[in-house]
Structures are given as C-alpha cells and as structure tokens.
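[1] Sequence plus predicted model, see below.
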2 protein chains.
Amino acid sequence: MAARRAGIADVAARAGVSVGTASKALNGRGSLREETRARVRAAAQELEFAPSTVARSLLTGRTFTVGIITTDSYGRFSIPIMRGAEDALGLGEMLAFLCDSRDDPIREQHHLRRLLERRVDGVIVAGRRTDARQPVGANLPVPVVYALAPSAGELDISVTSDERGAARLAVDHLVRTGRRRIAHITGPHSHSSSRERAAGATQALAAHGLELVGEPWFGSWSEAWGRFAVSQLLRTHPDVDGVFCGADVIARGATDALREAGASLPMQVGVVGVDNWGVVAEAARPPLTTVDLGLQEIGRRAGELLLEAIDGTPAPGIHIVPGHLVVRES
Amino acid sequence: MAARRAGIADVAARAGVSVGTASKALNGRGSLREETRARVRAAAQELEFAPSTVARSLLTGRTFTVGIITTDSYGRFSIPIMRGAEDALGLGEMLAFLCDSRDDPIREQHHLRRLLERRVDGVIVAGRRTDARQPVGANLPVPVVYALAPSAGELDISVTSDERGAARLAVDHLVRTGRRRIAHITGPHSHSSSRERAAGATQALAAHGLELVGEPWFGSWSEAWGRFAVSQLLRTHPDVDGVFCGADVIARGATDALREAGASLPMQVGVVGVDNWGVVAEAARPPLTTVDLGLQEIGRRAGELLLEAIDGTPAPGIHIVPGHLVVRES
C-alpha cells in the first residue's frame, strides 16, 4: 500500500479544531472566524493535504462521477456514444459508471437506483433508436441527459441525430453524381428513423424537382432485406440509377444484389447507406458511400450538456447533431 | 433533492461520542468499551442510519467500485467482456468505471492513476488480442485481472480464450461432416491467435490421421483476404473440401469467393469461422458455422476472480475459458 497521506482529521488536529470545522474551512462554506479558516488552511498546506476523491466529495457534496445507462446490448450505437461522453466528461474530471440495461425497464430502474445510491452527479441514458422514450424517472435528484433516443418529457435534455439531414446528404450526393431515378430502401415503418429518413429523402428530391422512384421500401435492418428489395425493385423499375438505403447493412445487401444482377457499380447505379459502420461499409463491394450520423459527437454533446446541467445551467430541449457524408466507391 | 438522511455525525451526536468513535463502533474496528459500541448502534438504529456508499466506504475502507480499462476502441471484443464482468461484479454490489485507453499506453497510465485516486477496489484490464502484454503496473495497491490479453507477469491473474481448443472444435466439425482435404486461412502471423489456431488445427487433424492441405495461409483479419486466399487456394488445391478460417470476416470472404467460383456450399466445401460475430456470421451466404470464444464468459470469470482477489484470495495464473461451436449452414 502507498504511504499514508494526511487526511482531514490530521489537518483538524494540527489546527486544533473539529473535523467539521476543518471541512467548512476548506470548502469555504459555513460561518467561521477568518482566523480559524486561515489556521486550517495553513495546517492543510503544512501537511500537504491533498484530498482524495472520497474526501473531496465530502468537502464539495459532489462525487465527480456520472452514470451512463445504455440500452444497447449489442454495442453498435453505445460504444461511440460512450467514447464521446468520456471525452467530454474526462475534461470535467468525471469518471463514468457503465450500466447496461439490455432494453429491460426493470434493469434500467435497478441501475438508476444503484447510481443514485452512489450519489452520482448526473446520468446519461443512451438509446439505440431515435424514437422518443419515456423519461427514466420524475423529480430525480440529479440531472439526466438522453442520448440518441430523446426523452418525451418536455423539460428534459436530449441529444439526437439529424435524420432528415442525413437523408438530404445522401440524396444530394446521388443527384450531384448524375442520378435522376432514385429509389429508397429502408428499415421498419414502425421506427422513427425509417419514417424520418424517407420523408427527408422525398423533401430533398423535391428540392431538385425530382420524385422517388416508387414508394419507399420499408422492411428490416438487414442485408437479406436489401438483397430482396433490390431484386423486386429491378422487376418494377429496371431503369433505377440510384438507391438510397436507410442503413449500411441494407446498402450492402443492395450492392450484392445489383452486382449479381449484372449492374456496374457505381457507373450504372449509385448506392448510399447510413451509419458508416466500418465492418459493413468497408467490406462491401464496392466499399459504401454512407452518412455518418456522428454518434461520437452525440455522446460528446451529451457529456457537455450534463456538465452544464450539473453546474446549474441546464439546457432543456432536443439538441440535434448534424451528420456528414463519407464518400467511398459505391 | 431527497429529504436529508441521518449521517454519521448525527449518530455520533445522539450517542454523545465523536465521529471517529461512532465510525469505529459501526465498523467493528478499534478498541471501544462494549457499552459505547452498543450506545452508538442504538443511536444508528433510532435514526434509521443507512450509510450512503460514500459513508460505507469510510466505514469499511472499500469503495465497492472497480475500474475496467479497455484497449478496444472498436468495441467488438470489449462489449461482451464488459457485459460478463458487469454480471459478476453486480452480484458483488460493485459498480464499474469504464475507461477506454484506445491502445495508447499513456492514456492507459492516466486512467490507472485516476482509478487509483478514486480508490477503486480493483481493476480489470481488457485487451483485444491474446498476445501476452506487459503488466499495467508494479506493486499496485489493488488487485488487477487481465481479460483476453494475459499479463506477462507470472504472479498476475489473467483470463483468456482457448485458442487451440477453438481450432479443434472447428476441425472436428469439418471432419465429422466428411471433409478430408481441409485448408486453413487466418490472420497475421505476428498475432498469437493466428499461430495458436494454426497449431491447433494441425494437431486436431493429426488426431484424425489427416494433414492440412498446404501450409496455413497467414494474412489479415479481413473479408478481402478471405476472398483472395480462396481464389489462390482453388488454383493450387481445386479439390479442397473444407476451409477452417481464423475469423468470421475471413470466412465470409471465403464463402463469397467459393460461391462465386461455382462451388456449392456446404455440399461441396464446408467453411467454419471463429468469433460468432452476429453482423458477419449471420449475414454470410450461407450463414456461418463458427466457434464462439466465450468473450462474455471471459468477462464473467474476470469479474469473479477480481472479487475473490479483493476478498483476499487471489488466484494467480492464466485461466482458460473454453469456447463452443455454433452450427449454422456453412
């Protein structure tokens, strides 16, 4: 074990005051005679008193810890969000407890209770869908920031992705590269992301005086769906020259089906995905051009907003982080 | 804020003793008259004194927190390890601080210092390769358990995967399904996992009186390598009827190249991967039969071993967690 360091009790003893008085003197709170405060500070200096975090917590009432509750047991979404949050929180000297709720509301409440028992200074709740969710609790003693899945509570603080903007980035790229007959294949209609990206694609095409080729193809977030949808799309619209896919996994299935149908990519048909998920986007043939939703930046903003809320300046509302296009070869 | 709960100072005041005496009385340490101890306990009961974790820390000298330092910025390996560790630690009422070292030794040391400052009760260091690594520090004040990447320190506690066993599971499956001309395509020779899996495959084949078709193909952990290696393998050994791939991404590239060369899978050629990485294994055509290395179990064992070490019964050495075969259609 490391050599014993001076504690608050040693400082108190040297200054000839009680531990409570020493604590008040060092944290600047309470009413004390200035002479007493000075004597305690001198004692602290003489003993090279450097409060441990535990002691600092007792002095300031803060623990310099936050909780991150993720609902994303797979990790695809939570890892970049956590990394961004860690960046922001690290600058504030905070450490983060990680709890995985595995999409189970009972686990979520259990983790929340444990975090509050530990007197965390705040909580980030990270989702994996952009659908609004119920708040994690009411009248909580510490601030909460929702990342990716915004809270339905009006006064809550949320950070999420720019779904319509992502569709606009994809469509603008397809139009810029000369595509005019653009189809849209995406995830389940029940997901807000699918509906918003489809609406964004329609809007963006309209701004260019264009319309989607056929209705949006709602299905699932899978390669198999991308392959199947393309095989059917080629029956009804063999002249399609651009496909905006709501996810990289769909885009990867779409490129496989197009290539296997004899289409030359990207000369004949351009494909754009959403996610910039390396293992999928980089291994596709050709590697996928895709919209990166900025998950790490969403985590960073969530961390910053939490620090601001802890410092007494909360910024309620839904904060939107813009994505960016990553151009590869599709 | 929640209603104020009784603190140790309130208990001390009610019992008419100092805070230090109250603390000694409640944690059972130090020499006190039995009458004093009883009076403090009665006061604690009357005030419904339930020590916060911070207070419990002061009473027991433990913080009931551990640190998990991951080197795996992508998250493919660390997420299941963390989830397993959380399961084990949660049963011990521990919460885990997550720190991502991003494979940077300076960040790793920085995180370690921050964790020790926070007086964590122990640390898990999770790697993403099975190559032995240098210990994170010497004479640390708390126990450390290494997960996946074992420590080179002889007295350290490590948990890792069964690399030769994984190869045996794959080869036995191929032989059981009638394959006799089995090739091996894997990652870089510089990685211990590649060398061990290749050695394990050779051993397992020998147990069946067989040899590898050609030398092991060392390359990279990528689909492109799997495709390229198969294209060359078919030139030199067109009669190959089984391919054991050192990773699912390699196996996915291999199945694509075999299918595109006109081979019927799995009738003509059987393919087995390693990792059971859903997004790759399930989307392959056909879905991959693969060896799951049990990363979550590795995390769980690491958590258990850390709790045992914290409780004073460390189990030094390298603990091997067996994998299991996941049979799909390849």
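    Yes, it's here. Only a predicted model underlies this, so the values are computations on that prediction, with no experimental measurement involved.
[2] For chain A, which segments count as strands?
    Applying DSSP state E to chain A gives strands spanning A:65-70, A:95-100, A:122-126, A:144-147, A:157-161, A:182-186, A:217-218, A:242-245, A:270-274, A:289-292, A:317-321, A:324-326.
[3] which of the ones you listed sits most buried?
    Comparing those by mean neighbour count (mean count of other Cβ atoms under 10 Å in any protein chain shown), strand A:242-245 ranks first with a mean of 30. (Glycine included, C-beta is placed from N, CA and C.)
[4] quick one: is that strand near chain B?
    No - against chain B, strand A:242-245 shows no contacts by Cβ under 8 Å from any Cβ of the partner chain, the least distance being 14.2 Å.
[5] Now do that strand: which elements does it pack against?
    The contact analysis (3 or more Cβ pairs under 8 Å, 6 or more residues apart in numbering or on different chains; DSSP states H and E) places strand A:242-245 against helix A:163-176, strand A:182-186, helix A:223-236, helix A:248-260, strand A:270-274.
[6] If we use 7 Å, what do you get?
    Applying 3 or more Cβ pairs under 7 Å, 6 or more residues apart in numbering or on different chains; DSSP states H and E, we find strand A:242-245 packed against helix A:163-176, strand A:182-186, helix A:248-260, strand A:270-274.
[7] Show me which helix or strand of chain A is least confident by mean pLDDT.
    Within chain A, no helix or strand scores below helix A:53-60, which has a mean of 60 by mean pLDDT, DSSP states H and E.
[8] could I get the strands of chain A as TSV with mean pLDDT?
    Listed next are the strands of chain A as TSV, based on pLDDT from 0 to 100:
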stretch	mean pLDDT
strand A:65-70	91
strand A:95-100	88
strand A:122-126	95
strand A:144-147	96
strand A:157-161	97
strand A:182-186	98
strand A:217-218	98
strand A:242-245	98
strand A:270-274	98
strand A:289-292	98
strand A:317-321	97
strand A:324-326	98
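[9] Need those in TSV (columns: distance to residue B:13).
    Formatted as TSV, these follow (distance: least, Cβ to Cβ, whole Å):
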stretch	distance to residue B:13
strand A:65-70	29
strand A:95-100	32
strand A:122-126	32
strand A:144-147	35
strand A:157-161	39
strand A:182-186	65
strand A:217-218	66
strand A:242-245	67
strand A:270-274	61
strand A:289-292	58
strand A:317-321	45
strand A:324-326	60
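[10] quick one: which of the ones you listed is nearest residue B:102?
    Between residue B:102 and the strands of chain A, the tightest spacing by Cβ to Cβ is seen for strand A:95-100, at 15.2 Å.
[11] relative orientation of that closest one and strand B:95-100 in degrees?
    Interaxial angle, strand A:95-100 versus strand B:95-100 (axes from the mean of the first three to the mean of the last three Cα atoms, to 10 degrees): 110 degrees.
[12] can strand A:95-100 be found next to chain B?
    Yes - using Cβ under 7 Å from any Cβ of the partner chain, strand A:95-100 reaches chain B at A:95-98, A:100.
[13] do the same with stretch A:289-305
    No - judged by Cβ under 7 Å from any Cβ, stretch A:289-305 makes no contact with chain B; its nearest approach is 10.5 Å.
[14] Now that stretch - C-alpha only, PDB.
    What follows is stretch A:289-305, C-alpha atoms only, in PDB (Å, rounded to 0.1, in the frame of the first residue of the first chain):
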ATOM      1  CA  THR A 289     -20.500   5.800 -49.600                       C
ATOM      2  CA  THR A 290     -22.600   6.400 -46.400                       C
ATOM      3  CA  VAL A 291     -23.800   9.100 -44.000                       C
ATOM      4  CA  ASP A 292     -22.100   9.100 -40.600                       C
ATOM      5  CA  LEU A 293     -24.700  10.200 -38.000                       C
ATOM      6  CA  GLY A 294     -22.000  11.500 -35.600                       C
ATOM      7  CA  LEU A 295     -22.700   9.100 -32.700                       C
ATOM      8  CA  GLN A 296     -19.400  10.100 -31.000                       C
ATOM      9  CA  GLU A 297     -20.300  13.700 -31.300                       C
ATOM     10  CA  ILE A 298     -23.800  13.000 -29.900                       C
ATOM     11  CA  GLY A 299     -22.000  11.400 -26.900                       C
ATOM     12  CA  ARG A 300     -19.700  14.400 -26.600                       C
ATOM     13  CA  ARG A 301     -22.600  16.900 -26.600                       C
ATOM     14  CA  ALA A 302     -24.500  14.700 -24.100                       C
ATOM     15  CA  GLY A 303     -21.400  14.900 -21.800                       C
ATOM     16  CA  GLU A 304     -21.100  18.600 -22.200                       C
ATOM     17  CA  LEU A 305     -24.800  19.200 -21.600                       C
END
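[15] from the middle of its chain, how far away would that stretch be?
    Centroid displacement of stretch A:289-305 relative to its chain, using Cα atoms, centre = their mean, to the nearest Å, is 6 Å.
[16] mind listing what residue A:271 touches?
    Residue A:271 sits next to A:243, A:245, A:251, A:254-255, A:265, A:288, A:330 when contact means Cβ atoms under 7 Å, 6 or more residues apart in numbering or on different chains.
[17] Quick check: chain neighbours aside, which residue is closest to it?
    residue A:330 (4.4 Å; Cβ to Cβ, 6 or more residues apart in numbering or on different chains).
[18] quick one on the thing from earlier: what's the most buried one of the helices and strands packed on strand A:242-245?
    Counting by mean count of other Cβ under 10 Å, strand A:270-274 has the highest mean neighbour count of the helices and strands packed on strand A:242-245, with a mean of 29.
[19] Strand partners (parallel or antiparallel) of that one?
    strand A:242-245 (parallel), strand A:289-292 (parallel) (DSSP bridges).
[20] can you redo those as TSV with distance to residue B:324?
    Listed next are these as TSV, based on distance: least, Cβ to Cβ, whole Å:
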stretch	distance to residue B:324
strand A:242-245	34
strand A:289-292	34
